[in-house]
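Asker: For reference, the sequence and a predicted model appear below.
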Amino acid sequence: MAWYVDIHPQDPQQRLIDKVVDRLRRGEVIALPTDSGYAIACTMANKDGLERIRRIRQVGDKHHFTLLCHDFAQLGQLVIVDNSVFRLVKSLTPGPYTFILKGTKEVPRMTLNPKKATVGVRIPDHTITQAIVSSLGQPLLSSTLILPGEEEPMNQGWEIADILGNAIDVVIEGPVGEAGPTTVIDMSDGGMTIARQGAGDTSMFN
């Protein structure tokens, strides 16, 4: 069964954050709250973790994984950012937005969309998520925790532990910012397309 841990939403206990980070470094898969529902995550180079996430989500190799980043400096090392992308991403982060962009050589090939060489990136506005990514010292490879056949992400840690406790290693209990998934903005071809309308405001694109 997964280790179920309750982390304080405003003042995360560092000893618990350190335990989560240690488990991530050992190759484990975690479920954690974000500013837009729960995500399921592992370290970037964890091939087994990536495949476990695919099995849980029941998604194929064209699925866009998302790299959860601590800040813009970290994000900028992972994707190709021109001036227009820079301005938009800076204006919307941290927040419930995922940006689809061309990956750099810093991103493991297995993580990229095989045809487009793209990946999702985002900077969550969530204290627990930020504490984990900061202590880990690298982005987390993640996917929104939407179960097969569902359209909305899971939002309760205890429910995730009950349903997926044998499939993942750690479930972090904590409040999510919003119940819906992130808004996904695809900027991989030079334009700006709303690939998924979610928690983020998109009125600026109208």
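Answerer: Happy to help now that I have it.

Asker: In three-state terms, label the residue nearest the centre of the chain for me.
Answerer: Centroid check for the chain by CA atoms, centre = their mean gives Ser142 as the closest residue, at 3.9 Å. When classified by DSSP: H, G, I helix; E, B strand; the rest coil, Ser142 comes out as strand.

Asker: for it, which residues make a bridge with it?
Answerer: Beta-bridge pairing for Ser142 (DSSP bridges): Ala41, Thr66.

Asker: Is it in contact with Tyr38, as I believe?
Answerer: No - between Ser142 and Tyr38 there is no contact under CB atoms under 8 Å: 9.9 Å. Any C-beta I mention is one placed from the backbone N, CA and C, and that applies to glycine too.

Asker: what's the helix or strand Val85 falls within in contact with?
Answerer: Assigned by DSSP states H and E, Val85 falls within helix 83-92. Taking contacts as CB atoms under 8 Å, 6 or more residues apart in numbering, the residues outside helix 83-92 that touch it are Phe72, Leu75, Val81, Phe99, Leu101, Ile185, Met187, Met192, Gly200.

Asker: and these, which of them are in helices?
Answerer: When DSSP state H is applied, these are split such that Phe72, Leu75 fall in helices.

Asker: so where do the helices sit in this protein?
Answerer: For the chain, applying DSSP H gives helices covering 14-25, 47-57, 72-76, 83-92, 127-136, 157-164.

Asker: now the ones you listed in JSON lines, with mean pLDDT, mean neighbour count and distance to Val107?
Answerer: Formatted as JSON lines, those follow (pLDDT from 0 to 100; neighbours: other CB atoms under 10 Å; distance: least, CB to CB, whole Å):
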{"stretch": "helix 14-25", "mean pLDDT": "98", "mean neighbour count": "16", "distance to Val107": "17"}
{"stretch": "helix 47-57", "mean pLDDT": "96", "mean neighbour count": "17", "distance to Val107": "12"}
{"stretch": "helix 72-76", "mean pLDDT": "93", "mean neighbour count": "16", "distance to Val107": "11"}
{"stretch": "helix 83-92", "mean pLDDT": "88", "mean neighbour count": "14", "distance to Val107": "16"}
{"stretch": "helix 127-136", "mean pLDDT": "97", "mean neighbour count": "21", "distance to Val107": "16"}
{"stretch": "helix 157-164", "mean pLDDT": "96", "mean neighbour count": "17", "distance to Val107": "26"}
